[in-house]
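Asks: Any chance you can model this:
(4 chains)
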Number of protein chains: 2
Amino acid sequence: MKKSATTIRDVAAAAGVSVATVSKYMNGAQRFSATVEARLKEAVEQLGYRSNPLARSMITGQTRTIGVAILDIRNPHFTNIVKGANRIALQHDYTLLLVDTEESGERERSLIESLAQRVDGMIVSSRMPDDSLQWLVDLDKPVVLFGRSERFPLTSVGTDGYLAAYMLASHLVNMGHQRLAYLGFARSRWNDERIRGITSCLQSSGLSLEVHDAPAPSAAAGERGCSAIMLGPNPPDAVICYNDLIALGFMKEARGLGLRLPQDVSVAGFDNVPYGEYASPALTTMDLQSEKMGELAMTKLIKRLGGMGEPDSEYTNLEPRLIVRESTIRRTASPVQADADSNGSRNPAVNAAS
Amino acid sequence: MKKSATTIRDVAAAAGVSVATVSKYMNGAQRFSATVEARLKEAVEQLGYRSNPLARSMITGQTRTIGVAILDIRNPHFTNIVKGANRIALQHDYTLLLVDTEESGERERSLIESLAQRVDGMIVSSRMPDDSLQWLVDLDKPVVLFGRSERFPLTSVGTDGYLAAYMLASHLVNMGHQRLAYLGFARSRWNDERIRGITSCLQSSGLSLEVHDAPAPSAAAGERGCSAIMLGPNPPDAVICYNDLIALGFMKEARGLGLRLPQDVSVAGFDNVPYGEYASPALTTMDLQSEKMGELAMTKLIKRLGGMGEPDSEYTNLEPRLIVRESTIRRTASPVQADADSNGSRNPAVNAAS
DNA sequence: ATGAAAGCGCTAACAT
DNA sequence: ATGTTAGCGCTTTCAT
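Replies: Just a heads-up that it's a prediction; the model follows:
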């Protein structure tokens, strides 16, 4: 069983039939005389033959593989998307070819271009702004994009980021918060619409938003961002983070700074990643239905692959939902007094060293 | 730009040369006369030609793709492995073909078998016991396995699970714990050695271990397991979980049950997933160096792919490391009275069951 | 330095 | 029901 794999010709010879017959047999394309069928079965088992998918693909023009490009496999949001997409793919006998574009920085485009050649279709999550997506269209492969493209006829799925942000801000305002900060991630495609949603909500209450930026959409970045926001002269009483990861990091650092959560500051994020629930205080977040997004994207893609339909620009919107947990709390009227048990001072600047 | 992609023949025609020349040009195999080179360049750009990797693979027998089979893409442990593996792969111009075997239940084997045909080599994480891995060897593809195989000549990397478990138990014993429970996951390949490690450590202190089993290696399963363990007649004062996910779920549920962590019960896990750090109390865990494992596995595999070396049974052991955080605490002398809140409780989560 | 031709392993007409 | 044959798009001797 060492050297080169057995080919269709070996089987044909062993069974005393032609390669065409073997091919048809392997694909279950038709029935055969009992004799032939038996010999075929025997030969295949004997030789342990499995047809070469590459050769098959060359002819059929199908790889039965779907490319999925995500920004960071360590972000549970994407991981959920992949899980959902994979579930559907499996049902239709497709395999996922995964590319983590963040790992390679600005090679995003070239990675996806080369991915395109090895798959029947792609699901892509991009960091590029909408207007620099022409090349994606030019690939001329069925694609489903996360986040609507205004400019190009790309099938897409997503949740309304403006609305989600508005809802979250609304919740915070209703809870009596007055000084809101946003710890965003400018390089994302969604950052702007989230800012717009929050701002617009705040404006209708005569409030304004203090915008900060994290260097990455990760917990570590959230930690770094915390002190600059919370230890200034006029700290916010609630902060919305670009995503749950940043929020989790922010909360950890805030605790380290001596702040009490959520009494001293309410914190919320986006994505509803699994671990927000297990943090303490459990994280309030906007559920963007990641897993469903993955399923939906894959369903659409597969449908298109089957029907060979035109590229449409159909955009499907999933409903965002607010998940209130423990990290956001009603702001009491007087911001002055906290409670007596330990150090009553809410000024955290004291032990900010570490 | 609609229909079938441009082929090497189109380019040859456009440049007025033979396909062989185009092929050599594309592969940078040699230099050409300035004229030809210029025309080639022109033609390729004009037509937007990219050579078809499938056709190429058929001839060269190489796909430049590496298969990675993991048990669950939602488990950060595996996600870290993939991240590490991907980093190395990228450096060597390989692409990852990912398969999440848990998603498909018992199809693990057939999924991996079909994966094997599309890749140059594989990195696999399996749930099968060591003695039912013969088929993996028979695939006759370069493979790196996570977790040593005693029986087969499979290259592998891992951390010493026995040692890791022993270390963790040791820590707990040193902290004065007496009644230890283990919430394991029996279907894992590593469960037994962890039990052995813990037991063996406890025995040398005259202690015994109460073993429970979770239905899945997930946070949800950890939640379910909690009450059965903690609300019995003789609850443990420390519990070691099969992994961090289970531990995280366990802690959440314990809090919900009204227990105070870590005063009422110390909790620890394995893997050192990123979110243990952001939980509160932060989770004590054994760092198994997931990301490093991924890097190492990929490095080994690629080396083998290059050298076409024999399948060796080299096993590389990574060092486990204990990460003590807040979820394990020293047990005070009297196990009777736990409620004396005299020690400055830094954790206000007493009645957090919102 | 460049080209002709023989396949890689398979499928898809088109015979028989 | 089974076989013949012509490629899929490319690389690779081997000529020239």
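Asks: So which bits of the helix or strand encompassing A:Ile246 are buried?
Replies: Assigned by DSSP states H and E, A:Ile246 belongs to helix A:244-256. Neighbour-count burial for helix A:244-256, with 16 or more other CB atoms under 10 Å in any protein chain shown as criterion, is recorded at A:244-255. Glycine gets a C-beta too; all of them are placed from N, C-alpha and C.
Asks: what does stretch A:126-145 give?
Replies: Buried residues in stretch A:126-145, counted by 16+ other CB under 10 Å: A:126, A:133, A:136-137, A:139, A:141-145.
Asks: Let me know the closest of those to A:Gln263.
Replies: Using CB to CB, A:Ser126 comes nearest to A:Gln263 of the buried residues of stretch A:126-145, at 39.4 Å.
Asks: three-state assignment of that closest one?
Replies: Assigned with DSSP: H, G, I helix; E, B strand; the rest coil, A:Ser126 falls in the coil class.
Asks: in the stretch 51-200 of chain A, which spans are helices?
Replies: A:53-60, A:76-91, A:108-116, A:134-138, A:161-174, A:191-203 (DSSP state H, counting those that start in this stretch).
Asks: do the shortest one and chain B meet at all?
Replies: Yes. Applying CB under 8 Å from any CB of the partner chain, one finds helix A:134-138 touching chain B at A:Asp138.
Asks: could you give me the average pLDDT of that helix?
Replies: The pLDDT scores in helix A:134-138 average 93.
Asks: Just the C-alphas of that helix, formatted as CSV.
Replies: These are the backbone C-alpha positions of helix A:134-138, laid out as CSV (Å, rounded to 0.1, in the frame of the first residue of the first chain):
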residue,chain,number,x,y,z
GLN,A,134,-15.1,45.5,-7.2
TRP,A,135,-12.5,42.8,-7.3
LEU,A,136,-14.7,40.5,-5.4
VAL,A,137,-17.4,40.9,-8.0
ASP,A,138,-14.8,40.4,-10.8
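Asks: Quick one: distance of it to the chain centre.
Replies: Relative to the centre of its chain, helix A:134-138 is centred 21 Å away, using CA atoms, centre = their mean, to the nearest Å.
Asks: Also stretch A:242-257?
Replies: Put simply, stretch A:242-257 sits 20 Å off its chain's centre (CA atoms, centre = their mean).
Asks: Let me know whether it sits next to chain B.
Replies: Yes. Residues of stretch A:242-257 contacting chain B under CB under 8 Å from any CB: A:248-249, A:251-252, A:255.
Asks: Tell me the residues of the stretch 251-354 of chain A that contact chain B?
Replies: A:251-252, A:255, A:260, A:274-275, A:277-282, A:325-326, A:342.
Asks: hmm, which two among these are most spread apart?
Replies: A:Pro274 and A:Ser342 (32.1 Å).
Asks: Of those two, which one has the most company?
Replies: A:Pro274 (22 against 13; other CB atoms under 10 Å in any protein chain shown).
Asks: what pLDDT does that one get?
Replies: pLDDT recorded at A:Pro274 is 93.
Asks: Give me the spatial nearest neighbour of it, chain neighbours excluded.
Replies: With sequence-adjacent residues excluded and distances taken as CB to CB, 6 or more residues apart in numbering or on different chains, A:Pro274 is closest to A:Pro76, at 5.6 Å.
Asks: can you pull the contacts of A:Arg107?
Replies: With contacts defined as CB atoms under 8 Å, 6 or more residues apart in numbering or on different chains, A:Arg107 is in contact with A:Thr101.
Asks: Contact residues of the stretch 1-150 of chain A facing DNA strand D?
Replies: Proximity of the stretch 1-150 of chain A to DNA strand D, by CB under 7 Å from any atom of the strand, involves residues A:16-21, A:24, A:30-33, A:35-37, A:55, A:58-59.
Asks: Out of the residues you listed, which sit inside helices?
Replies: Using DSSP state H, the members of these that fall in helices are A:19-21, A:24, A:35-37, A:55, A:58-59.
Asks: Can you classify A:Thr316 by secondary structure?
Replies: Per three-state DSSP, A:Thr316 ends up strand.
Asks: and if you look at A:Lys292?
Replies: Reduced to three states with three-state DSSP, the structure at A:Lys292 is helix.
Asks: Look up how far DNA strand C lies from it.
Replies: To DNA strand C, A:Lys292 is 34 Å away according to CB to the nearest atom of the strand, to the nearest Å.
Asks: How about the contacts made by that residue?
Replies: By CB under 8 Å, 6+ apart, the contact set of A:Lys292 is A:84, A:318.
Asks: 10 Å - rerun?
Replies: By CB atoms under 10 Å, 6 or more residues apart in numbering or on different chains, A:Lys292 lies in contact with A:80-81, A:84, A:157, A:159, A:318-319.
Asks: For burial, what's the neighbour tally of the closest residue to DNA strand D within the stretch 101-250 of chain A?
Replies: Of all residues in the stretch 101-250 of chain A, A:Gln117 sits closest to DNA strand D, at 9.1 Å by CB to the nearest atom of the strand. Per other CB under 10 Å, the neighbour tally for A:Gln117 reads 16.
Asks: Check whether it really touches B:Pro53, as I assumed.
Replies: Yes. If you go by CB atoms under 10 Å, A:Gln117 and B:Pro53 touch, sitting 5.5 Å apart.
Asks: what's the nearest residue to A:Asn75 if we skip its chain neighbours?
Replies: That would be A:Leu245: by CB to CB, 6+ apart, it lies 6.4 Å from A:Asn75.
Asks: likewise A:Leu90?
Replies: With sequence-adjacent residues excluded and distances taken as CB to CB, 6+ apart, A:Leu90 is closest to B:Ser104, at 5.5 Å.
Asks: so who does the closest residue to A:Glu103 other than its chain neighbours touch?
Replies: Computed as CB to CB, 6+ apart, the closest residue to A:Glu103 that is not its neighbour in sequence is B:Asn86, at 5.5 Å. Under the criterion of CB under 10 Å, 6+ apart, the neighbours of B:Asn86 are A:73, A:98-100, A:103-104, B:66, B:68, B:94-96, B:98, B:294-295, B:298.
Asks: I appreciate the help and will end here.
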